[in-house]
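Asker: here is a sequence with its predicted model. Questions after.
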Amino acid sequence: MPDGSGAGPRPLRSGDAGRRAAKARARGFARGLAPILMEIRAEGFRTPSSIARAMTRRGVRKPRGGTVWAAGCVQKLLHTLDEGAER
């Protein structure tokens, strides 16, 4: 029984398995795009908006199949890659 101290793992809640699976898919997708991102950065594109334009021009597919990238999508992708690198 939890003692309210915050110690120990929290109990599983409804939807936790789905969230873990979604994060795993996002990490896998991000790792697959890492070489393309490195190539784009090597060409001098640094900001999320410039990277998004480069990815759109190349026709890189997004997780749900679209090909028009926005800066926010790139920021999330970069964040996901950074999270994976910390593990």
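Answerer: Nice, I can see it. Numbering: from 1, shown residues only.
Asker: where along this protein do the helices fall?
Answerer: 16-42, 48-58, 71-86 (DSSP state H).
Asker: buried sites along the second one?
Answerer: What that stands for is helix 48-58. When burial is assessed from 16 or more other C-beta atoms under 10 Å, helix 48-58 yields the following buried residues: 48, 50-55. Backbone N, C-alpha and C define where each C-beta goes, glycine included.
Asker: also compute the angle for the helix or strand of the chain with the lowest mean pLDDT relative to helix 16-42, please.
Answerer: Every helix and strand of the chain was ranked by mean pLDDT, DSSP states H and E. The lowest is helix 71-86, at a mean of 88. Counting by axes from the mean of the first three to the mean of the last three C-alpha atoms, to 10 degrees, helix 71-86 lies at 100 degrees to helix 16-42.
Asker: what packs against helix 71-86?
Answerer: Helices and strands touching helix 71-86, as assessed by 3 or more C-beta pairs under 8 Å, 6 or more residues apart in numbering; DSSP states H and E, comprise helix 16-42, helix 48-58.
Asker: outside of the last one, which residues touch it?
Answerer: Translated: helix 48-58. Applying C-beta atoms under 8 Å, 6 or more residues apart in numbering, the contact partners of helix 48-58 are 36-37, 40-41, 43, 45, 67-75, 78.
Asker: thinking again about what came up before, please identify the most buried of the helices of the chain.
Answerer: Mean neighbour count (mean count of other C-beta atoms under 10 Å) peaks for helix 48-58 among the helices of the chain, with a mean of 18.
Asker: run the chain-centre distance for that helix.
Answerer: 16 Å (C-alpha atoms, centre = their mean, to the nearest Å).
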